[in-house]
Every structure is written in structure tokens, then in C-alpha cells.
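*Asks:* turn this into a structure:
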Amino acid sequence: QVQLVESGGGSVQAGGSLRLSCAASGSIFSVIRMGWYRQAPGNQREAVATITVGGSTNYAPSVKGRFTISKDSAKNMVFLQMNNLKPEDTAVYYCNFDMVVAPGTYEAEYWGQGTQVTVSS
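*Replies:* Down below sits the predicted model:
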């Protein structure tokens with residue numbers, strides 16, 4: 001059984017910074033891609049940033065230049081450094097692992113429980 005646990009959310013003023021962390025534990029055979037998504041009230045969940053096992057990254061245009069995704073593959077962890085936060089960044093942030101949990105099985109996506117980020121103006 002796989003579990004993803006996030007930490008680091010909170011409340012900050014506009015222009016501030018937060019760092020989110022997500023650790024995956026349990027039966028993990030191979031991680032293919034990790035990412036952060038967010039969902040604001042009334043909106044659909046959207047991709048914020050992703051990183052592959054090889055280190056290739058992608059960012060949503062709205063966060064490019066302000067957010068940085070990184071990983072620690074040995075510890076099955078992914079991080080999101082968020083700088084110059086804006087009120088429109090307010091949302092619940094979810095980490096996502098795309099991985100294979102056992103040899104011979106198909107890759108699947110796993111989600112954390114979400115952590116609230118609130119940015120006040």
C-alpha cells in the first residue's frame with residue numbers, strides 16, 4: 001500500500017514564500033514522474049509543476065519563474081518552492097506520483113491528501 005504525505009502549506013502575505021514537501025512510502029518499485037497540482041474553490045484541479053525521474057520539468061505558465069519543483073529520488077520525495085506568492089495562488093495543493101508499485105504491474109497515479117495554501121493581499 002502506498003501513502004503520500006504532504007507538508008508545508010500555510011498562510012502567507014502576497015510576495016511571501018512557502019515550500020511544500022511530499023513523501024511517498026510503502027511498496028514502490030519505480031517512480032516515473034512526480035508533480036504538484038492545485039484546486040481552488042469552484043475550479044478544476046490543474047497541474048502546477050511536474051518532474052520526471054530524469055529531472056525534466058514542466059510548469060504552468062502562471063507559476064513559471066516563481067515556483068521550482070525538485071525531487072529526492074532516493075527518499076521518494078518531491079518539493080515545491082513557491083516564491084513571490086500571489087492571492088491567485090490560493091488553493092489546496094496536491095502531490096502526485098506516477099509510478100509502478102510492483103514488477104509486472106501497470107503504472108498508476110497516486111495522490112496526497114492535499115495541503116492548503118492561502119495567500120492574502
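*Asks:* for residue 62, see how far away the residue nearest to the spatial centre of the chain is.
*Replies:* Geometric centre of the chain, nearest residue: residue 36, 2.4 Å, by Cα atoms, centre = their mean. The gap separating residue 36 from residue 62 is 13 Å, by Cβ to Cβ, to the nearest Å. For every residue, glycine as well, the C-beta is placed using N, CA and C.
*Asks:* who is the nearest residue to residue 68 once chain neighbours are set aside paired with across the strands?
*Replies:* Closest residue to residue 68 apart from its sequence neighbours, by Cβ to Cβ, 6 or more residues apart in numbering: residue 81 at 4.5 Å. Residue 81 has these beta-bridge partners by DSSP bridges: residue 19, residue 68.
*Asks:* do the same with residue 51
*Replies:* On the basis of DSSP bridges, residue 51 is bridged to residue 34, residue 57.
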